[in-house]
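Participant: Let me see the structure of the following:
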Amino acid sequence: MNRIFLTSILVLALLFSSFSDDNISQRNDGKFVVVLDAGHGGHDPGNLGNGYLEKNIALNIVLTVGKILENNPDIKVIYTRKDDSFVDLFVRGEIANKANADLFVSVHCDSHSSDAHGAGTFVLGLHANKQNFEIAKKENSVIYLEDNYEDRYADYDINSPESIIGLTIMQEEFLDQSIALAKLIQDNFSGDLKRNNRKVKQAGFIVLHQTFMPSVLIETGFLTNKSEGAFLNSKAGQSKMGTAIAEAILNYKNSVQSNGVQQPELLVEEEVVEKKAEVPVESAPPPVQEKVKETILLTKKEPDGKESDNTKIEEKATEDTKEKIEVVAPVEKTVKTVSKPELLFKLQIMASAKNLELKPQNFNGLGNISKEPYKNLYRYMYGTANSYQEAKMLKSEADRKGYTSSYIVVYKDGVRIPLTDAHKSDSQ
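Facilitator: Residues are numbered from 1 along each chain as shown. Below you'll find the predicted structure:
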(Lines give C-alpha, C1' and ligand atoms only; values in the text may rest on other atoms or scores of the structure.)
Protein backbone atom coordinates (compact mmCIF):
# COMPACT_ATOMS: atom_id res chain seq x y z
CA MET A 1 0.00 0.00 0.00
CA ASN A 2 2.87 2.40 0.86
CA ARG A 3 4.49 1.65 -2.46
CA ILE A 4 1.30 2.44 -4.34
CA PHE A 5 0.88 5.67 -2.40
CA LEU A 6 4.45 6.76 -3.08
CA THR A 7 4.04 5.90 -6.74
CA SER A 8 0.92 8.05 -6.90
CA ILE A 9 2.82 10.96 -5.38
CA LEU A 10 5.59 10.49 -7.94
CA VAL A 11 3.11 10.49 -10.83
CA LEU A 12 1.44 13.66 -9.57
CA ALA A 13 4.80 15.35 -9.11
CA LEU A 14 5.79 14.54 -12.68
CA LEU A 15 2.48 15.77 -14.01
CA PHE A 16 2.74 19.07 -12.20
CA SER A 17 6.36 19.53 -13.22
CA SER A 18 5.47 18.90 -16.87
CA PHE A 19 2.79 21.60 -16.86
CA SER A 20 4.32 24.07 -14.42
CA ASP A 21 5.61 26.50 -17.03
CA ASP A 22 2.88 28.64 -18.59
CA ASN A 23 5.02 29.37 -21.61
CA ILE A 24 5.97 25.81 -22.56
CA SER A 25 4.03 25.79 -25.82
CA GLN A 26 5.33 29.23 -26.75
CA ARG A 27 8.87 28.16 -25.94
CA ASN A 28 8.60 25.16 -28.27
CA ASP A 29 7.01 27.31 -31.00
CA GLY A 30 4.92 24.38 -32.18
CA LYS A 31 8.02 22.32 -32.95
CA PHE A 32 8.29 18.57 -32.53
CA VAL A 33 10.42 18.15 -29.40
CA VAL A 34 12.80 15.21 -29.06
CA VAL A 35 14.80 14.63 -25.87
CA LEU A 36 17.94 12.56 -26.49
CA ASP A 37 19.45 10.81 -23.50
CA ALA A 38 22.98 9.40 -23.60
CA GLY A 39 23.16 6.76 -20.89
CA HIS A 40 25.58 6.97 -17.97
CA GLY A 41 28.32 9.64 -17.93
CA GLY A 42 30.82 11.23 -15.54
CA HIS A 43 31.77 8.88 -12.70
CA ASP A 44 29.36 6.28 -14.14
CA PRO A 45 31.15 4.69 -17.11
CA GLY A 46 28.42 2.16 -17.88
CA ASN A 47 29.64 -1.25 -18.99
CA LEU A 48 33.30 -1.75 -19.90
CA GLY A 49 33.11 -4.73 -22.22
CA ASN A 50 36.43 -5.34 -24.03
CA GLY A 51 37.76 -2.13 -22.47
CA TYR A 52 35.28 0.12 -24.30
CA LEU A 53 33.40 2.89 -22.47
CA GLU A 54 29.62 2.71 -22.83
CA LYS A 55 29.20 6.32 -21.69
CA ASN A 56 31.35 7.62 -24.57
CA ILE A 57 29.80 5.42 -27.24
CA ALA A 58 26.26 6.32 -26.16
CA LEU A 59 27.11 10.03 -26.19
CA ASN A 60 28.66 9.90 -29.66
CA ILE A 61 25.63 8.08 -31.07
CA VAL A 62 23.26 10.58 -29.44
CA LEU A 63 25.20 13.54 -30.83
CA THR A 64 24.98 11.98 -34.30
CA VAL A 65 21.21 11.58 -33.93
CA GLY A 66 20.85 15.16 -32.71
CA LYS A 67 22.91 16.62 -35.54
CA ILE A 68 20.67 14.97 -38.15
CA LEU A 69 17.45 15.99 -36.42
CA GLU A 70 18.62 19.58 -35.96
CA ASN A 71 18.78 19.93 -39.75
CA ASN A 72 14.97 19.93 -39.66
CA PRO A 73 13.65 23.39 -38.72
CA ASP A 74 10.42 21.98 -37.28
CA ILE A 75 12.26 19.78 -34.76
CA LYS A 76 13.67 20.93 -31.45
CA VAL A 77 16.36 18.70 -29.94
CA ILE A 78 17.11 18.69 -26.22
CA TYR A 79 19.97 16.70 -24.69
CA THR A 80 20.11 15.36 -21.16
CA ARG A 81 23.88 15.65 -21.51
CA LYS A 82 26.25 16.76 -24.27
CA ASP A 83 29.48 16.05 -22.43
CA ASP A 84 30.99 13.60 -19.98
CA SER A 85 28.80 14.57 -17.04
CA PHE A 86 26.71 12.50 -14.64
CA VAL A 87 22.95 13.11 -14.71
CA ASP A 88 20.60 11.53 -12.17
CA LEU A 89 17.91 9.29 -13.64
CA PHE A 90 15.09 11.37 -12.19
CA VAL A 91 16.63 14.53 -13.70
CA ARG A 92 16.67 12.96 -17.17
CA GLY A 93 12.92 12.42 -16.98
CA GLU A 94 12.42 15.86 -15.47
CA ILE A 95 14.16 17.47 -18.45
CA ALA A 96 11.78 15.73 -20.86
CA ASN A 97 8.66 16.50 -18.82
CA LYS A 98 9.47 20.19 -18.39
CA ALA A 99 10.16 20.49 -22.11
CA ASN A 100 6.75 18.97 -22.87
CA ALA A 101 8.62 16.66 -25.21
CA ASP A 102 7.02 14.57 -27.92
CA LEU A 103 9.62 11.80 -27.63
CA PHE A 104 12.22 10.56 -25.16
CA VAL A 105 15.00 8.37 -26.57
CA SER A 106 17.64 6.86 -24.30
CA VAL A 107 20.74 5.23 -25.84
CA HIS A 108 22.85 2.51 -24.19
CA CYS A 109 25.14 -0.43 -24.93
CA ASP A 110 24.62 -3.92 -23.56
CA SER A 111 26.90 -6.53 -22.01
CA HIS A 112 26.67 -10.24 -21.27
CA SER A 113 28.82 -13.06 -20.01
CA SER A 114 28.19 -15.00 -23.22
CA ASP A 115 28.99 -14.00 -26.79
CA ALA A 116 25.52 -12.46 -27.26
CA HIS A 117 25.14 -9.86 -29.98
CA GLY A 118 22.51 -7.66 -31.62
CA ALA A 119 20.50 -4.51 -30.98
CA GLY A 120 17.18 -4.27 -29.15
CA THR A 121 14.74 -1.51 -28.23
CA PHE A 122 12.74 -1.48 -25.02
CA VAL A 123 9.50 0.14 -23.95
CA LEU A 124 8.35 0.28 -20.36
CA GLY A 125 6.50 -2.77 -19.12
CA LEU A 126 6.66 -5.88 -17.00
CA HIS A 127 9.75 -8.07 -17.18
CA ALA A 128 8.43 -10.95 -19.26
CA ASN A 129 11.50 -13.08 -18.67
CA LYS A 130 14.60 -13.24 -16.50
CA GLN A 131 16.89 -11.91 -19.23
CA ASN A 132 14.93 -8.69 -19.64
CA PHE A 133 14.78 -8.29 -15.86
CA GLU A 134 18.57 -8.61 -15.61
CA ILE A 135 19.08 -6.00 -18.36
CA ALA A 136 16.79 -3.54 -16.59
CA LYS A 137 18.36 -4.26 -13.20
CA LYS A 138 21.80 -3.56 -14.62
CA GLU A 139 20.76 -0.19 -16.07
CA ASN A 140 18.73 0.72 -12.97
CA SER A 141 21.67 0.09 -10.62
CA VAL A 142 22.96 3.54 -11.56
CA ILE A 143 20.62 4.98 -8.91
CA TYR A 144 23.14 3.88 -6.27
CA LEU A 145 25.54 6.48 -7.64
CA GLU A 146 23.07 9.28 -6.93
CA ASP A 147 22.92 11.35 -3.77
CA ASN A 148 19.98 10.60 -1.49
CA TYR A 149 18.89 7.64 -3.62
CA GLU A 150 17.34 5.91 -0.57
CA ASP A 151 14.65 8.59 -0.27
CA ARG A 152 14.25 9.44 -3.95
CA TYR A 153 13.64 5.85 -5.04
CA ALA A 154 12.12 4.56 -1.80
CA ASP A 155 9.24 2.94 -3.68
CA TYR A 156 11.44 1.07 -6.12
CA ASP A 157 13.38 -2.13 -5.47
CA ILE A 158 15.57 -2.97 -8.45
CA ASN A 159 15.81 -6.58 -7.26
CA SER A 160 12.04 -7.07 -7.32
CA PRO A 161 10.27 -7.80 -10.64
CA GLU A 162 6.98 -6.80 -9.01
CA SER A 163 8.31 -3.32 -8.26
CA ILE A 164 7.53 -2.06 -11.76
CA ILE A 165 3.86 -3.12 -11.85
CA GLY A 166 2.39 0.04 -10.31
CA LEU A 167 4.76 2.26 -12.28
CA THR A 168 3.67 1.07 -15.74
CA ILE A 169 0.31 2.81 -15.38
CA MET A 170 1.78 6.26 -16.06
CA GLN A 171 3.23 5.12 -19.40
CA GLU A 172 0.06 3.22 -20.38
CA GLU A 173 -1.23 6.16 -22.40
CA PHE A 174 1.84 6.15 -24.65
CA LEU A 175 2.55 2.46 -25.04
CA ASP A 176 1.26 2.21 -28.60
CA GLN A 177 3.36 5.18 -29.72
CA SER A 178 6.46 3.91 -27.91
CA ILE A 179 6.08 0.55 -29.63
CA ALA A 180 5.59 2.20 -33.03
CA LEU A 181 8.86 4.13 -32.65
CA ALA A 182 10.69 1.09 -31.29
CA LYS A 183 9.55 -0.99 -34.27
CA LEU A 184 10.83 1.63 -36.74
CA ILE A 185 14.20 1.70 -34.97
CA GLN A 186 14.52 -2.08 -35.01
CA ASP A 187 13.55 -2.24 -38.69
CA ASN A 188 16.40 0.14 -39.52
CA PHE A 189 18.89 -1.81 -37.40
CA SER A 190 18.02 -5.19 -38.88
CA GLY A 191 17.23 -4.03 -42.41
CA ASP A 192 19.61 -1.25 -43.37
CA LEU A 193 22.49 -2.18 -41.04
CA LYS A 194 21.98 -5.96 -40.99
CA ARG A 195 22.37 -6.02 -37.20
CA ASN A 196 21.04 -9.03 -35.33
CA ASN A 197 17.45 -8.13 -34.43
CA ARG A 198 16.78 -8.56 -30.70
CA LYS A 199 13.33 -7.07 -31.33
CA VAL A 200 11.01 -4.83 -29.36
CA LYS A 201 10.74 -5.84 -25.72
CA GLN A 202 9.35 -4.64 -22.43
CA ALA A 203 11.19 -4.18 -19.14
CA GLY A 204 11.11 -1.96 -16.08
CA PHE A 205 13.66 0.76 -16.74
CA ILE A 206 13.47 3.54 -14.15
CA VAL A 207 14.47 6.19 -16.67
CA LEU A 208 11.43 5.32 -18.82
CA HIS A 209 8.89 5.44 -16.01
CA GLN A 210 10.13 8.93 -15.11
CA THR A 211 8.84 10.32 -18.41
CA PHE A 212 5.31 11.24 -19.46
CA MET A 213 5.49 10.88 -23.24
CA PRO A 214 6.33 8.11 -25.75
CA SER A 215 9.70 6.77 -24.59
CA VAL A 216 12.15 4.07 -25.66
CA LEU A 217 15.49 2.76 -24.43
CA ILE A 218 17.85 1.44 -27.09
CA GLU A 219 20.52 -1.18 -26.41
CA THR A 220 22.63 -0.61 -29.51
CA GLY A 221 24.67 -3.80 -29.12
CA PHE A 222 27.00 -5.80 -26.88
CA LEU A 223 30.39 -4.34 -26.05
CA THR A 224 31.30 -7.75 -24.64
CA ASN A 225 31.06 -9.21 -28.14
CA LYS A 226 34.44 -8.69 -29.78
CA SER A 227 33.29 -7.73 -33.28
CA GLU A 228 30.18 -5.85 -32.18
CA GLY A 229 32.10 -3.95 -29.52
CA ALA A 230 34.66 -2.88 -32.12
CA PHE A 231 31.87 -1.79 -34.48
CA LEU A 232 30.15 0.34 -31.83
CA ASN A 233 33.43 1.87 -30.70
CA SER A 234 34.29 2.96 -34.24
CA LYS A 235 33.30 6.31 -35.74
CA ALA A 236 31.71 4.52 -38.68
CA GLY A 237 29.65 2.27 -36.42
CA GLN A 238 28.48 5.16 -34.26
CA SER A 239 27.55 7.16 -37.34
CA LYS A 240 25.55 4.27 -38.82
CA MET A 241 23.68 3.56 -35.59
CA GLY A 242 22.96 7.25 -35.03
CA THR A 243 21.69 7.67 -38.59
CA ALA A 244 19.40 4.64 -38.27
CA ILE A 245 17.89 6.03 -35.05
CA ALA A 246 17.46 9.52 -36.50
CA GLU A 247 15.73 8.23 -39.63
CA ALA A 248 13.35 6.18 -37.49
CA ILE A 249 12.47 9.27 -35.44
CA LEU A 250 11.82 11.27 -38.61
CA ASN A 251 9.60 8.51 -40.02
CA TYR A 252 7.70 8.35 -36.74
CA LYS A 253 7.22 12.12 -36.69
CA ASN A 254 5.93 12.18 -40.26
CA SER A 255 3.55 9.31 -39.52
CA VAL A 256 2.15 10.99 -36.41
CA GLN A 257 1.65 14.33 -38.11
CA SER A 258 0.07 12.89 -41.24
CA ASN A 259 -1.83 9.69 -40.54
CA GLY A 260 -1.57 9.18 -36.79
CA VAL A 261 0.28 6.34 -35.12
CA GLN A 262 -0.66 3.11 -36.87
CA GLN A 263 -0.20 0.03 -34.75
CA PRO A 264 2.60 -2.12 -36.20
CA GLU A 265 2.47 -5.89 -36.19
CA LEU A 266 5.13 -6.90 -33.71
CA LEU A 267 7.19 -10.04 -33.48
CA VAL A 268 7.93 -9.78 -29.79
CA GLU A 269 9.68 -12.86 -28.49
CA GLU A 270 7.97 -13.65 -25.19
CA GLU A 271 6.72 -10.22 -24.33
CA VAL A 272 3.10 -9.21 -24.86
CA VAL A 273 2.81 -5.51 -25.50
CA GLU A 274 -0.77 -5.13 -24.31
CA LYS A 275 -1.35 -4.68 -20.60
CA LYS A 276 -2.20 -7.85 -18.74
CA ALA A 277 -4.94 -7.79 -16.17
CA GLU A 278 -6.62 -10.49 -14.20
CA VAL A 279 -10.21 -11.07 -15.24
CA PRO A 280 -12.52 -11.05 -12.23
CA VAL A 281 -14.30 -14.37 -11.86
CA GLU A 282 -17.62 -14.63 -10.11
CA SER A 283 -17.64 -17.35 -7.46
CA ALA A 284 -20.28 -20.01 -7.99
CA PRO A 285 -22.98 -20.57 -5.37
CA PRO A 286 -22.32 -23.44 -2.92
CA PRO A 287 -23.41 -26.91 -4.05
CA VAL A 288 -26.82 -28.19 -2.88
CA GLN A 289 -27.99 -31.63 -1.88
CA GLU A 290 -31.26 -31.85 -3.76
CA LYS A 291 -32.15 -31.45 -7.42
CA VAL A 292 -32.52 -27.80 -8.45
CA LYS A 293 -36.02 -26.73 -9.41
CA GLU A 294 -35.41 -23.10 -10.41
CA THR A 295 -33.17 -20.12 -9.65
CA ILE A 296 -34.76 -17.04 -8.07
CA LEU A 297 -33.57 -13.76 -6.60
CA LEU A 298 -34.01 -12.85 -2.95
CA THR A 299 -33.93 -9.35 -1.57
CA LYS A 300 -33.02 -9.17 2.10
CA LYS A 301 -34.13 -6.31 4.33
CA GLU A 302 -31.36 -5.00 6.56
CA PRO A 303 -32.06 -3.57 10.07
CA ASP A 304 -31.61 -0.01 8.81
CA GLY A 305 -34.32 -0.50 6.19
CA LYS A 306 -31.87 -0.66 3.25
CA GLU A 307 -32.05 -3.47 0.78
CA SER A 308 -28.97 -5.60 0.32
CA ASP A 309 -27.71 -6.79 -3.06
CA ASN A 310 -29.75 -9.49 -4.77
CA THR A 311 -28.39 -12.92 -3.91
CA LYS A 312 -28.82 -15.99 -6.08
CA ILE A 313 -30.19 -19.05 -4.30
CA GLU A 314 -31.56 -22.31 -5.55
CA GLU A 315 -35.17 -23.26 -4.70
CA LYS A 316 -35.59 -26.93 -3.88
CA ALA A 317 -38.58 -29.19 -4.13
CA THR A 318 -38.11 -30.27 -0.50
CA GLU A 319 -39.80 -29.09 2.71
CA ASP A 320 -36.37 -28.37 4.15
CA THR A 321 -35.51 -25.76 1.55
CA LYS A 322 -38.93 -24.17 1.71
CA GLU A 323 -38.43 -23.48 5.39
CA LYS A 324 -35.13 -21.74 4.66
CA ILE A 325 -36.74 -19.60 2.01
CA GLU A 326 -39.51 -18.53 4.36
CA VAL A 327 -36.93 -17.25 6.83
CA VAL A 328 -35.44 -14.92 4.22
CA ALA A 329 -38.41 -12.80 3.16
CA PRO A 330 -39.75 -11.19 1.11
CA VAL A 331 -39.09 -13.23 -2.04
CA GLU A 332 -39.20 -11.46 -5.36
CA LYS A 333 -39.17 -13.40 -8.60
CA THR A 334 -37.74 -11.69 -11.63
CA VAL A 335 -36.85 -12.70 -15.13
CA LYS A 336 -33.87 -10.39 -15.49
CA THR A 337 -32.18 -7.86 -13.26
CA VAL A 338 -30.77 -4.83 -15.08
CA SER A 339 -28.42 -2.59 -13.15
CA LYS A 340 -26.73 0.51 -14.43
CA PRO A 341 -23.05 -0.35 -14.95
CA GLU A 342 -20.61 1.80 -13.04
CA LEU A 343 -17.76 0.94 -15.39
CA LEU A 344 -17.56 1.44 -19.14
CA PHE A 345 -14.82 -0.33 -21.09
CA LYS A 346 -13.40 0.79 -24.44
CA LEU A 347 -10.48 -0.20 -26.63
CA GLN A 348 -7.85 2.44 -27.38
CA ILE A 349 -6.57 1.72 -30.87
CA MET A 350 -4.32 4.72 -31.46
CA ALA A 351 -3.27 8.20 -30.44
CA SER A 352 -2.54 10.97 -32.92
CA ALA A 353 -1.77 14.64 -33.10
CA LYS A 354 -4.25 14.78 -35.99
CA ASN A 355 -7.96 15.36 -35.38
CA LEU A 356 -9.37 12.63 -37.61
CA GLU A 357 -12.97 12.33 -38.74
CA LEU A 358 -14.67 9.36 -37.12
CA LYS A 359 -15.24 7.49 -40.38
CA PRO A 360 -14.59 3.75 -40.78
CA GLN A 361 -12.22 4.41 -43.70
CA ASN A 362 -9.91 6.30 -41.34
CA PHE A 363 -9.71 3.32 -39.00
CA ASN A 364 -9.21 0.27 -41.22
CA GLY A 365 -12.96 -0.21 -41.53
CA LEU A 366 -13.79 -0.11 -37.83
CA GLY A 367 -16.98 1.72 -36.87
CA ASN A 368 -18.22 2.95 -33.50
CA ILE A 369 -15.09 5.04 -32.95
CA SER A 370 -14.91 7.73 -30.29
CA LYS A 371 -12.15 10.21 -29.52
CA GLU A 372 -11.05 12.46 -26.71
CA PRO A 373 -8.39 15.18 -26.50
CA TYR A 374 -5.43 14.42 -24.28
CA LYS A 375 -2.50 16.80 -23.82
CA ASN A 376 -1.46 17.63 -27.40
CA LEU A 377 -2.97 14.44 -28.84
CA TYR A 378 -6.28 12.78 -29.60
CA ARG A 379 -6.98 9.33 -28.19
CA TYR A 380 -9.13 7.13 -30.44
CA MET A 381 -11.24 4.36 -28.90
CA TYR A 382 -13.19 1.54 -30.53
CA GLY A 383 -16.53 0.31 -29.19
CA THR A 384 -17.99 0.19 -25.70
CA ALA A 385 -18.50 -2.71 -23.31
CA ASN A 386 -19.95 -3.21 -19.87
CA SER A 387 -17.43 -5.84 -18.81
CA TYR A 388 -13.79 -6.73 -19.28
CA GLN A 389 -14.79 -9.95 -21.04
CA GLU A 390 -16.83 -8.03 -23.62
CA ALA A 391 -13.92 -5.63 -24.09
CA LYS A 392 -11.66 -8.58 -24.90
CA MET A 393 -13.99 -9.37 -27.80
CA LEU A 394 -13.48 -5.81 -29.06
CA LYS A 395 -9.74 -6.40 -28.78
CA SER A 396 -10.01 -9.50 -30.99
CA GLU A 397 -11.94 -7.55 -33.63
CA ALA A 398 -9.41 -4.71 -33.60
CA ASP A 399 -6.52 -7.17 -33.90
CA ARG A 400 -8.07 -8.55 -37.08
CA LYS A 401 -8.14 -5.01 -38.49
CA GLY A 402 -4.44 -4.51 -37.81
CA TYR A 403 -4.57 -2.74 -34.44
CA THR A 404 -2.56 -5.42 -32.68
CA SER A 405 -1.15 -3.02 -30.09
CA SER A 406 -4.55 -1.71 -28.99
CA TYR A 407 -5.41 -2.05 -25.33
CA ILE A 408 -8.43 -1.97 -23.05
CA VAL A 409 -9.23 1.20 -21.10
CA VAL A 410 -11.97 1.82 -18.57
CA TYR A 411 -14.08 4.76 -17.42
CA LYS A 412 -15.91 5.18 -14.14
CA ASP A 413 -18.62 7.84 -14.11
CA GLY A 414 -17.09 9.27 -17.29
CA VAL A 415 -13.57 9.52 -15.84
CA ARG A 416 -10.78 7.33 -17.15
CA ILE A 417 -9.19 5.14 -14.49
CA PRO A 418 -6.44 2.48 -14.50
CA LEU A 419 -7.54 -1.07 -15.22
CA THR A 420 -6.16 -2.16 -11.87
CA ASP A 421 -8.62 0.16 -10.13
CA ALA A 422 -11.46 -1.26 -12.20
CA HIS A 423 -10.69 -4.80 -11.09
CA LYS A 424 -10.51 -3.67 -7.46
CA SER A 425 -13.91 -2.03 -7.86
CA ASP A 426 -15.35 -5.23 -9.35
CA SER A 427 -14.06 -7.33 -6.47
CA GLN A 428 -15.64 -5.15 -3.80
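Participant: Next one: the residue nearest to residue 59 when sequence neighbours are not counted, what pLDDT does it get?
Facilitator: Of all residues not flanking residue 59 in the chain, residue 38 sits nearest, at 4.1 Å (C-beta to C-beta, 6 or more residues apart in numbering). For glycine as for every other residue, the C-beta is placed from the backbone atoms N, C-alpha and C. As predicted, residue 38 sits at a pLDDT of 96.
Participant: Mind listing the strands the helix or strand harbouring residue 384 pairs with, and their directions?
Facilitator: Per DSSP states H and E, residue 384 falls inside strand 377-385. Strands that pair with strand 377-385, judged by DSSP bridges, come out as strand 343-352 (antiparallel), strand 369-374 (antiparallel).
Participant: To residue 181, which of those lies closest?
Facilitator: Ranking the strands paired with strand 377-385 by distance to residue 181, with C-beta to C-beta as the measure, places strand 343-352 first at 12.4 Å.
Participant: What average pLDDT does that closest one get?
Facilitator: 87.
Participant: Which positions within it qualify as buried?
Facilitator: 343, 344, 345, 346, 347, 348, 349, 350, 351, 352 (16 or more other C-beta atoms under 10 Å).
Participant: wait, what's in contact with the third one?
Facilitator: Okay, so that is residue 345. 384-388, 390-391, 394, 408-411, 422 (C-beta atoms under 8 Å, 6 or more residues apart in numbering).
Participant: Not counting sequence-adjacent ones, nearest residue to it?
Facilitator: residue 391 (3.8 Å).
Participant: quick check, that neighbour in a helix?
Facilitator: Yes - the assignment for residue 391 is a helix, going by DSSP: H, G, I helix; E, B strand; the rest coil.
Participant: How much space separates it from residue 62?
Facilitator: Counting by C-beta to C-beta, to the nearest Å, the gap from residue 391 to residue 62 is 40 Å.
Participant: Pipe the strands paired with strand 377-385 into CSV and attach distance to residue 110 per row.
Facilitator: Output for the strands paired with strand 377-385, formatted as CSV (distance: least, C-beta to C-beta, whole Å):
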stretch, distance to residue 110
strand 343-352, 30
strand 369-374, 34
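Participant: Out of those strands, flag the one nearest residue 119.
Facilitator: strand 343-352 (26.1 Å).
Participant: any idea how far residue 419 is from the closest residue in space to residue 104 that isn't next to it in sequence?
Facilitator: Nearest residue to residue 104 in three dimensions, chain neighbours excluded: residue 215, at 4.0 Å (C-beta to C-beta, 6+ apart). Note on residue 215: its distance to residue 419, by C-beta to C-beta, is 20 Å.
Participant: The two: which is more packed in?
Facilitator: The residue with more neighbours, out of residue 215 and residue 419, is residue 215; 30 against 20, by other C-beta atoms under 10 Å.
Participant: In this structure the more buried one contacts residue 121, no?
Facilitator: No - here residue 215 does not reach residue 121: they are 10.9 Å apart, not a contact under C-beta atoms under 8 Å.
Participant: Roughly how far does residue 373 sit from residue 351?
Facilitator: Residue 373 sits 11 Å away from residue 351, going by C-beta to C-beta.
Participant: Find the residues that touch each one of these two.
Facilitator: The contact sets of residue 373 and residue 351 overlap at residue 379 (C-beta under 8 Å, 6+ apart).
Participant: who touches residue 39 in this structure?
Facilitator: Here residue 39 is in contact with 46, 54, 55, 58, 106, 107, 108, 109, 139 (criterion: C-beta under 8 Å, 6+ apart).
Participant: Out of the residues you listed, which comes closest to residue 98?
Facilitator: Using C-beta to C-beta, these come closest to residue 98 at residue 106, 16.7 Å.
Participant: Tell me which helix or strand comes right after the host helix or strand of residue 396.
Facilitator: Following DSSP H and E, one finds residue 396 within helix 388-400. Per DSSP H and E, helix 388-400 leads on to strand 407-412 as the next helix or strand towards the C-terminus.
Participant: quick one, that following strand and strand 369-374 angle?
Facilitator: Here strand 407-412 runs at 70 degrees with respect to strand 369-374, directions being taken by axes from the mean of the first three to the mean of the last three C-alpha atoms, to 10 degrees.
Participant: Strand 407-412 packs against which elements?
Facilitator: Packing partners of strand 407-412 (3 or more C-beta pairs under 8 Å, 6 or more residues apart in numbering; DSSP states H and E): strand 343-352, helix 388-400, strand 415-417, helix 419-427.
Participant: Nearest to residue 100 among these would be which one?
Facilitator: Nearest of the helices and strands packed on strand 407-412 to residue 100, taken as C-beta to C-beta: strand 343-352 at 15.6 Å.
Participant: Quick check: the farthest pair among the buried residues of strand 343-352?
Facilitator: Maximum pairwise distance among the buried residues of strand 343-352 (C-beta to C-beta): 25.8 Å, between 343 and 352.
Participant: tell me the contacts of residue 251?
Facilitator: Per C-beta under 8 Å, 6+ apart, neighbours of residue 251: residue 184.
Participant: and residue 240, what element?
Facilitator: helix 235-258.
Participant: If I take that helix and strand 377-385, what angle do their directions form?
Facilitator: 60 degrees.
Participant: Now do the buried residues in stretch 382-402.
Facilitator: Using 16+ other C-beta under 10 Å as the test for burial, stretch 382-402 gives 382, 383, 385, 388, 391, 394, 395, 398, 399, 401, 402.
Participant: Is residue 116 part of a helix or strand, or is it coil?
Facilitator: coil.
Participant: That one and residue 54: what is the separation?
Facilitator: Computed as C-beta to C-beta, the residue 116 to residue 54 distance reads 15 Å.
Participant: Show me which of those two is the more surrounded one.
Facilitator: Neighbour tally, residue 116 and residue 54, criterion other C-beta under 10 Å: the higher count belongs to residue 54, 26 against 16.
Participant: So for the more buried one, what's the pLDDT?
Facilitator: 95.
Participant: from memory it sits against residue 48, does it?
Facilitator: Yes - counting by C-beta under 8 Å, residue 54 does reach residue 48; the two are 7.3 Å apart.
Participant: and for the two, which residues touch both?
Facilitator: Contact criterion C-beta under 8 Å, 6+ apart; residues bridging residue 54 and residue 48 by contacting each: residue 223.
Participant: which stretches of the stretch 201-350 of the chain aren't confidently modelled?
Facilitator: Where the stretch 201-350 of the chain drops to pLDDT under 70, the residues are 203-209, 259-341.
Participant: which residues of the stretch 151-300 of the chain fall in helices?
Facilitator: 175-191, 206-209, 226-233, 235-258 (DSSP state H, counting those that start in this stretch).
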